[in-house]
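# Turn this into a structure:
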Amino acid sequence: MNVGTHMATYIRHIRAYSTHANNVSMKFDSSQFDFESSIRLSDKKSKAQVENEMGNISKQKRLKESDTAFNSKPKPLVSFASSPFRLRQSFIEKYENAKAPFGFNGLGELVYHRTYSRPMQNGRNERWPDTVKRVVEGAFSMKKGWTESRGLGWNEVEMQKQAEEMYSRIFNFKFLPPGRGLWAMGSSLTEERGLYAALNNCAFVSTRIDFKSGMKVSKPFCFLMDASMLGVGVGFDTEMAKQDLIALEPEKSTPKIFVVPDSREGWVKAVELLIDSYFDHGSSAVEFDFSKIRPKGSPIKGFGGIASGSEVLETLLSSIRGILNHLAEARSKMSIVTIVDIMNMIGKCVVAGNVRRTAEIAFGPPQNSEYLNLKNYTKNPQRVEYGWASNNSVYAELGMDYKDICDRIRDNGEPGLAWLGNMQRYGRMGDSPDEKDHRAMGGNPCLEQTLESYELCCLVETFPCNHESKEDFLKTLESAFLYAKIVTLGQTHWPETNQVMTRNRRIGCSMTGIAQFITRRGIDELKDWSEDGYKRIQACDAKYSEKFGVPRSIKTTSIKPSGTVSLLAGATPGMHYPESRYYIRRVRIPYHSDLIGPLRKAGYSIEEAVGQPDTAVVSFPVDAGEGIRTTEEVSMWEQLSLAAFLQRHWADNQVSCTVTFDPETEGDQIQHALQYFQYQLKGISFLPRLPSGAYPQMPYEAITNEEYEKALAQIGDLDFDSDLSKKNSEILMPPDLYCDSCNTK
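Residues are numbered from 1 along each chain as shown. Coordinates of the predicted model:
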């Protein structure tokens, strides 16, 4: 039980029994905070006297409270193996000097070194064989710990064979764990801290408060903040607006001072105490001491990135306090705008804080003008500072009138649409309704996963184009699904999440590079691989679930939009087509980075970033593949058809698809298209294809075949390993987050 709960419970007991209590002693739970405060009451003491005694806890004890509650080492959430799993050295040696098949002419290799290569104990950063080794050994150590703790038996010979197969297929980019897995699996985050939530991509939380269970108003907001600071993208609804939650100004005469610990937990706790002080009526006001938070610019060793200092948290708390003060003065209940405002402000704080990016999606009613106007900054000018933190979608209903929504989509692409009824009733849309997901309440920020409230999910990505045959692809699916199923064995530090995840074991096994596959092999072969691949995954789920002694996964497949993970393998992202076959892809990295030297030696174009003298812009020539069509050549109707095709033949979760359209020629067709495709899809979003204009150092710039060949001729062999093996290179960015491409910054 946390200190806020103790305080509120304490006050309620005092008020209920103070008129007749005599010689009553109440204590704080010392097991959580390592201190106790006993106040002896009598019927002669007034309410003010009692609250004054409670408010006189010394600052020294408050410091001790925050130290013990948030800076102690967390208890492991799973049973660790008797000894860590290790691949055979003779096997590892085969890959020591092997050339990894990174994609896109060095771009994939740069992304790997920039984002996923962790420092090693020997003083250098990982090479690709090291990262794959860490990930595979981390996964099989989880598997070993699970089977040993449950007496299920461990066959070392068989496990070595499985692990070697997984290693080979990851090394050769036949499948990849999500970016989060590449960064965290097998690291101190999982091996020492047991922080398995960091292996999951995304989550959903409903804002409806279950008062019968003792849930606090702060709960959904704090879950989103905690998950976001771990790199988990979160979807949320606006159901709280249907409840009569009236904010009242807390008692300012006896404020509590909370010394904010320099930790993720401490920041989340500060938000919890502030919000609940307005809804646990009669609570004392909360003031904050930020003296323990590390200064701006300090490195964050665990998750990566650079500390922001306390300013962003101070701004967040001040902003939330301002919103709640306004509600209290007006005696108004929590509204849709208030809910999304607080969630978006939290997202803005996380962006400026330790992981730099955030991913949120809000779900709201389709006919509610308050919700639909959230990004109308003429009507809501105050939201321009944080409204960007979430994509906004509506819970679409079959047979509804789409005209008003489509008029808005034509202007700026929002809102997206999620058919919750289809999400709850169906697996693949080509199969009969099974109602498996009747508890589902929403989805993740990229909308490729159906989710219950407080549910997380793990994604894994396969590359069909990197296979010579369907039989080889089916073997890859076995390793990919095994990795994801192992991740479901790890518990989180959220009891509500564990309750859902141990029941559902939801997985999102995805395919990417689909546009390239269609170009090379055709749509009929994609159907064949999808159907047989789905059958193989169901067989794998039955086998592994029985071996682990866990339920079958409620759903198993999806199409994620992909992002930097697809760059590693040289694949087009998800089901999407490229804007051009040939283009220049520009990447920004600090000029002082150790990655600059090898790039310069290889002949890549490196420029000083306009207006950012400490930042370098590196240009990579990219060829998306012979014969591939571009977004301008693929109509809105064909993109919707491909999404429906994949939802029918592959994805029992969902297909993440952002349909690009020409506002002039296709804008007035959107509502008609939705009337047809509402029965075939679970979610969809749109993006108007508008002239972006030319400006210096654009991230993507279409070029001709001749320009591509000229740029390619200037590039020699790229050798990061020789240069970076001499020293411990700085990790420039935190890991690829969320669903890899849904971050809003």
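# Gln647: what's it in contact with?
Going by C-beta atoms under 8 Å, 6 or more residues apart in numbering, Gln647 touches Arg428, Met429, Gln654, Val655, Gln680, Leu681, Lys682. C-beta: built from backbone N, CA, C; applies to glycine.
# which among the residues you listed end up buried?
For the contacts of Gln647, a neighbour count by 16 or more other C-beta atoms under 10 Å gives the buried set as Arg428, Met429, Gln654, Val655, Gln680, Leu681, Lys682.
# and the fifth one, what does it touch?
Taking C-beta under 8 Å, 6+ apart as the contact definition, Gln680 lies against Met429, Ala644, Gln647, Arg648.
# Sticking with the third one, tell me its helix or strand.
Following DSSP states H and E, one finds Gln647 within helix 636-649.
# Quick one: mean pLDDT for that helix?
Throughout helix 636-649, pLDDT has a mean value of 98.
# Please point out which parts of it sit buried.
Neighbour-count burial for helix 636-649, counted by 16+ other C-beta under 10 Å, picks out 636-637, 639-649.
# Equivalent analysis for stretch 603-621, please.
Tyr604, Ser605, Ala609, Thr615, Ala616, Val617, Val618, Ser619, Phe620, Pro621.
# of those, closest to Thr519?
Set against Thr519, the nearest of these by C-beta to C-beta is Pro621 (19.5 Å).
# Which residues does the following helix or strand past the helix holding Gln647 contact?
Next helix or strand after helix 636-649 toward the C-terminus (DSSP H and E): strand 658-661. Here strand 658-661 makes contact (C-beta under 8 Å, 6+ apart) with 561, 576, 631, 636, 639-640, 643, 667, 670, 684-689.
# Lowest pLDDT pick from those residues?
On pLDDT alone, Arg689 ranks lowest of those, at 90.
# partner residues bridging the residue nearest to that residue when sequence neighbours are not counted?
Excluding its sequence neighbours, the residue lying closest to Arg689 (C-beta to C-beta, 6 or more residues apart in numbering) is Thr660, at 4.9 Å. As for beta bridges, Thr660 partners with Leu687 under DSSP bridges.
# For Thr660, grab the count of nearby residues.
Residues lying near Thr660 (other C-beta atoms under 10 Å) number 20.
# same thing with Ile684?
So Ile684, with other C-beta under 10 Å, has 30 neighbours.
# My reading is that it lies in a strand. Confirm?
Yes. Counting by DSSP: H, G, I helix; E, B strand; the rest coil, Ile684 is part of a strand.
# Can you pull the phi and psi angles for Gly490?
Here is the backbone geometry of Gly490 (degrees, to the nearest 10): phi -80, psi 130.
# if I look at it, how far off is Lys143?
Distance check for Gly490 against Lys143: by C-beta to C-beta, to the nearest Å, it reads 11 Å.
# could you give the angle of the helix holding Gln647 to strand 683-688?
If you take axes from the mean of the first three to the mean of the last three C-alpha atoms, to 10 degrees, helix 636-649 sits at 160 degrees to strand 683-688.
# Can I get helix 636-649 in PDB? Just the C-alpha atoms.
Provided in PDB are the C-alpha atoms of helix 636-649 (Å, rounded to 0.1, in the frame of the first residue of the first chain):
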ATOM      1  CA  MET A 636      -6.500   4.700 -51.800                       C
ATOM      2  CA  TRP A 637      -8.900   1.900 -52.800                       C
ATOM      3  CA  GLU A 638      -6.000  -0.500 -53.400                       C
ATOM      4  CA  GLN A 639      -4.300   0.300 -50.100                       C
ATOM      5  CA  LEU A 640      -7.600  -0.400 -48.300                       C
ATOM      6  CA  SER A 641      -8.000  -3.600 -50.300                       C
ATOM      7  CA  LEU A 642      -4.500  -4.800 -49.200                       C
ATOM      8  CA  ALA A 643      -5.200  -4.000 -45.600                       C
ATOM      9  CA  ALA A 644      -8.500  -6.000 -45.800                       C
ATOM     10  CA  PHE A 645      -6.600  -8.800 -47.600                       C
ATOM     11  CA  LEU A 646      -4.100  -9.100 -44.800                       C
ATOM     12  CA  GLN A 647      -6.800  -8.800 -42.100                       C
ATOM     13  CA  ARG A 648      -8.600 -11.800 -43.800                       C
ATOM     14  CA  HIS A 649      -5.700 -14.100 -44.500                       C
END
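# Could you give the separation of it from the chain centroid?
25 Å (C-alpha atoms, centre = their mean, to the nearest Å).
# how about the helices in the stretch 501-650 of the chain?
Per DSSP state H, counting those that start in this stretch, the stretch 501-650 of the chain carries helices over the ranges 514-521, 523-548, 564-569, 596-602, 636-649.
# Minimum distance to Lys375: which of these has it?
Lys375 sits nearest to helix 636-649 of all the helices of the stretch 501-650 of the chain, at 21.8 Å, using C-beta to C-beta.
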